[in-house]
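Chemist: A structural model of the following input is requested.
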Amino acid sequence: ANSNAVKVTQGSTTIYTRTSDGTKMTALQNAAKAFVSNVEQKNPDSRISIVSFSGSASIKTDGDWYNKKYLLRVGDTIDSWIEHLSATGATNTADGFAKAKDVFASSEGWAAVNQTDGRKKMVVFLTDGVPTTHSDYSDTVAINAVTHASDIKRDYEADIYSLGIFDAAGSNGKLSGASI
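Modeler: Coordinates of the predicted model:
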């Protein structure tokens, strides 16, 4: 059968494979799940938080009313959070990064882990659109996203990785009919 596929590898390990089937959101969900699975295999003592953003952002929590946790050990309820993400309009990347900063700012919502010293901090930023507050590109949102990302990098010594899946992205890895 003919198929277009994109495979991401690190050495001999396959990190993520995507065929041309599905929506941008499905592609992002699959990439996020593959990332979580890879982290869990490499270090099951890791913690992950999910910040969803559209017109505004929110930090996903474990649902415990009195002792909410939002930075959970891998394998807890992260895949369920990822499965329930949805695209609902704007792509307010600035608010997403602001909430990511909030995750690092308060350790009260962090799940307990065995190793607490020397942990690497990172933000993995997944998006399916350009910075907006409604439907059009917004310089303000883009500038504020960069400002918040710089704050995270400086204040929490976190590395930031980004993956964007856009309408013009082809399964061959090239943009078709797009202007950047």
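
Chemist: Quick one: low-confidence residue ranges for this structure.
Modeler: 1-22, 64-67, 76, 166-180 (pLDDT under 70).

Chemist: repeat that for 50
Modeler: Counting by pLDDT under 50, the ranges of the chain that qualify are 1-5, 16, 170-173, 179-180.

Chemist: What is the neighbour count of V51?
Modeler: Burial of V51 is recorded as 20 neighbouring residues (other CB atoms under 10 Å). (C-beta placed from N, C-alpha, C; glycine too.)

Chemist: quick one: contacts for the residue nearest to it when sequence neighbours are not counted?
Modeler: If you skip the residues right next to it in sequence, V51 has K99 as its closest partner in space, 4.5 Å away by CB to CB, 6 or more residues apart in numbering. With contact set as CB atoms under 8 Å, 6 or more residues apart in numbering, K99 has these partners: 51, 53, 57-59.

Chemist: at 10 Å what do you get?
Modeler: Residues counted as contacts of K99 (CB atoms under 10 Å, 6 or more residues apart in numbering) are 49, 51-53, 56-60, 70, 148.

Chemist: mind putting these in JSON lines, secondary structure included?
Modeler: Below are those laid out as JSON lines (DSSP: H, G, I helix; E, B strand; the rest coil):
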{"residue": "S49", "secondary structure": "coil"}
{"residue": "V51", "secondary structure": "strand"}
{"residue": "S52", "secondary structure": "strand"}
{"residue": "F53", "secondary structure": "strand"}
{"residue": "S56", "secondary structure": "coil"}
{"residue": "A57", "secondary structure": "strand"}
{"residue": "S58", "secondary structure": "strand"}
{"residue": "I59", "secondary structure": "strand"}
{"residue": "K60", "secondary structure": "coil"}
{"residue": "Y70", "secondary structure": "coil"}
{"residue": "H148", "secondary structure": "helix"}
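
Chemist: Now the two most distant members of those residues.
Modeler: Maximum pairwise distance in those, criterion CB to CB, is 18.2 Å, between K60 and H148.
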